[in-house]
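J.: could you work out the structure for the sequence below:
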Amino acid sequence: MDSPDSESTLPSRIASLVHAHFDGLPPRSKPTVYPDGSREWIPMAGIVVVKGENTPSEKLSCVTVTTGAKCLPASQIPKCKGLVLHDWHAEILALRAFNHWLLSECHVVLAKERQRGASSAADTAGGTPSPFIRWKHTVRSTTPTRSSTIAWPPFELQPDIRIYMYCTCAPCGDASMELCMAAQDDPSPWETTTPESQAQGPDPSPETDLLDGRGYFSRLGIVRRKPARADAEATRSKSCSDKLALHQVSSLLSYETSLLVAPTDNAYIAGYILPEEEISRAGCARCFSETGRMKPLKGRFWPESHTPGSDTPHYGYRLRPFEILSVPTELVHALWTFRKPKPMPELGLPPLQPAPRKSKPGNVSAVWTAAPSLPLPLEGHVVAENGAKALPVLRGSKTGLYETIINGVKQGNRAASVTPRGASALSRAKLWAFVRDTVLLCFASGDAAEGGDAASLLLQEESLLRLVNAYSYENFKKEPVALTVSVKARKDAVRDTKEALKGWVPNEGDEDWGLDVLIDTKKRKR
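T.: From the prediction side, this is the model:
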C-alpha cells in the first residue's frame, strides 16, 4: 500500500510505511512496556519494494517487517538440526523473510501455471500476472550471448522494481564502530581476553581474528562477530555489517531463492535507509563502498567468463554497493518508541525515589511478510501454519507469514527440544523444504509446453531436481550434489567476497541432517 505522505522524501515514506506496519502488530510481538513507563528496546528492519519509482504510477509495497537483537552461541549450533535460527538480528531476519516472500511469489505463479495447463501456455508469453517477478525467457535475445545460454533460473524480478531496506539503528560491526566509540565515556578500545590454550599455541586459530562486535575500536575494516555481554558465551555469527557487505555481491537472493530467481541488477539492495543519527559516513564508506574494504572486488564478475554490455539482461554476480540514505532523526523519534536509550549522565535522585529501571533489549522477535500478489492455491507448503489466521491483514496488506520468535524458534517452543511445528518458516530446514516443494510443483506438471514456458525449461534441468532432493543440507548447499553453472557462480562469488573481507570464520556444525527432520513423530494434542 502507498504511504499517505506523498510530499516527503522517498526514504521518509519508506520508513513511515514500515513503522505503520509494525504498529499494527499484536502486543505479543512487541517489546514489553512496564508499569513505570520504561520499556525494552529492539531494532526493527523492513524491506520495501518500489514499483515504477519516480513515475505517476509509483507504488510502495512493504513486504517484510522484522525485529530482533540476539543470536545463538557457537556451542548450540550443532544441536539445531536445521530447525533453530542461528541469528535473529532484525536485519538478518528481514533478509530471510524477504526470500520467503519471494519464494512464495514463485510458488503461487508456478501453481497458477500448473492449474492453467499447457493449453494456455501461450497466454504467458508476455510474462506472469505477478507485479514482482516474470519468466526470464520472455526477454531472451534472438542472438544470445554466453550469459543468456547459461542455464540461469527461470524467474527474474520485474525490471521496474527497486528494493530498499530500512533499519531503526546502525548495523552492528564495522559500519558502526565510530558510533560505538562516540557513545563511550572512554573511547579507548575494549580489552578482550584470549583463551590461554590459544595464546600459547604456535598457530592461533583463525577465530582469534573474529573480534567481538564492540572490541578493539582501533581495528577497523575487519570482520567481527555479533556483539554480546562480556560474560556471554561466544558466537560465530558475523556482524550485520559483514553480512550486508556480503549481500552487495551475492545479491538479496538467498541460496534457496537463487535456484529459482536469476540475479539481475535490481536483485540487490538499491538503498539502505537509516536515521540520520545512526549513520557514520566514514564507517559506511569503509565497510560497504568500493573504495573501502570491498575494493578488491570492484570490476569482478561471476561467472568470470561473463562480460556485460550486451542487449540481453545481465545475469550474474558483481559488487553493487547500495546507497546510504537518511531519515530525519526527529521523524524516527516520533515513530519509534522502542529505540535503544542513549547514555545519560547520572543525576542525583531524591532519597525516596527509586532508580529508573535499566533498559534492556527485548527477547521477542517479530516476523511478518506480505502475502503473494496472487491468490494462494489451496495446497502445499505456502499455506501451512503461516500465522495468517492470527493476523490476516496488517495495515491493508494481506499477511503471508506471521511469527513471533524467541530463542530462534516460534514462541511457545523450546530450542533445546524443538519440533517441526515449532521451527520458524525462516529456518534452514523449512526454507529448503519450501524451495523443494516449489521445484517439485514444476516436475509434477508433466504436460508443460515442450520448450515453451519457463516450467518446461526447469524440467530440463534435472540437476536442480537432484539438488533439492539431496540427502543432507551439506549436499544441498555447502557441497552441492549437483553443481550447476548458476550455483557455481554464486558459490564462487560468496567465497571470493569472504576472502576479501578478511577473517570470515565459518559458523559450522549445522549441516549434517536431511529433510526428514521435518517429519513430526509427536502426535498433536487435541
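J.: which SSE is the nearest residue to Lys298 once chain neighbours are set aside in?
T.: What sits nearest to Lys298 in space, not counting adjacent residues and going by CB to CB, 6 or more residues apart in numbering, is Glu290, at 4.4 Å. Quick note: C-beta positions are derived from backbone N, CA and C, even for glycine. Assessed by DSSP states H and E, Glu290 sits outside every helix and strand.
J.: does Glu290 touch Pro296 like I think?
T.: No - Glu290 lies out of contact with Pro296 (CB atoms under 8 Å); the separation is 9.5 Å.
J.: doesn't Ile14 make contact with Glu53?
T.: No - using CB under 8 Å, Glu53 makes no contact with Ile14, being 11.0 Å away.
J.: so those two - more neighbours on which side?
T.: Using other CB atoms under 10 Å, the more surrounded residue of Glu53 and Ile14 is Ile14, with 25 against 14.
J.: from Arg96, how far out is that one?
T.: Distance, Ile14 to Arg96, by CB to CB, to the nearest Å: 20 Å.
J.: could you do Thr497 as well?
T.: Thr497 is 19 Å from Arg96, by CB to CB.
J.: same check, this time on Phe476
T.: To Arg96, Phe476 is 16 Å away according to CB to CB.
J.: and the gap between the residue lying closest to Gly514 once chain neighbours are set aside and Pro480?
T.: Nearest residue to Gly514 in three dimensions, chain neighbours excluded: Ser472, at 5.0 Å (CB to CB, 6+ apart). From Ser472 over to Pro480 the distance is 11 Å, taken as CB to CB.
J.: next: Leu72.
T.: Computed as CB to CB, the Leu72 to Pro480 distance reads 25 Å.
J.: neighbour count for those two, which is higher?
T.: Set Leu72 next to Pro480 and count neighbours by other CB under 10 Å: Leu72 wins out with 24 against 18.
J.: surely Leu93 and Gly408 touch.
T.: No - look at Leu93 against Gly408 with CB under 8 Å: they stay out of range, at 10.6 Å.
J.: where do the contact lists of the two overlap?
T.: Leu85 (CB atoms under 8 Å, 6 or more residues apart in numbering).
J.: residue contacts, Asn175?
T.: Rather than Asn, residue 175 is Ala. Shown in contact with Ala175 (CB under 8 Å, 6+ apart): 241, 244, 280, 283-284, 286-288.
J.: identify the farthest-apart pair in those.
T.: Spatial extent of these (CB to CB) is set by the pair Leu244 and Ser280 at 14.3 Å.
J.: quickly find the element holding Ala97.
T.: Assigned by DSSP H and E, Ala97 falls within helix 90-116.
J.: note down every partner strand of the helix or strand that that helix is followed by and its orientation.
T.: Counting by DSSP H and E, the next helix or strand C-terminal to helix 90-116 is strand 133-135. Looking at strand 133-135 with DSSP bridges, its partner strands are strand 155-157 (antiparallel).
J.: how far away from the center of its chain is the partner strand?
T.: Strand 155-157 sits 18 Å away from the centroid of its parent chain (CA atoms, centre = their mean, to the nearest Å).
J.: do the same with stretch 100-114
T.: In terms of CA atoms, centre = their mean, the centre of stretch 100-114 is found 19 Å from the chain centre.
J.: quick check: which ranges of the chain have low pLDDT?
T.: 1-7, 117-128, 137-150, 185-215, 228-231, 305-313, 343-357, 377-384, 444-461, 523-526 (pLDDT under 70).
J.: all strands for it, in order.
T.: Under the criterion DSSP state E, strands of the chain are mapped to 44-51, 59-67, 133-135, 155-157, 161-167, 269-275, 323-327, 365-370, 393-394, 397-406, 409-410.
J.: next, the angle strand 59-67 makes with the fifth one.
T.: Think strand 161-167. 30 degrees (axes from the mean of the first three to the mean of the last three CA atoms, to 10 degrees).
J.: show me the residue at the heart of the protein, geometrically.
T.: Leu95 (1.2 Å; CA atoms, centre = their mean).
J.: quick one: that residue and Ser254 touch, right?
T.: Yes - with contact defined as CB under 8 Å, Leu95 counts as touching Ser254 (7.3 Å).
J.: pull the number of nearby residues for Val50.
T.: For Val50, the neighbour count with other CB under 10 Å is 20.
J.: what about the residue nearest to it when sequence neighbours are not counted, how many residues nearby?
T.: With sequence-adjacent residues excluded and distances taken as CB to CB, 6+ apart, Val50 is closest to Arg162, at 5.0 Å. Residues near Arg162, counting by other CB under 10 Å, number 19.
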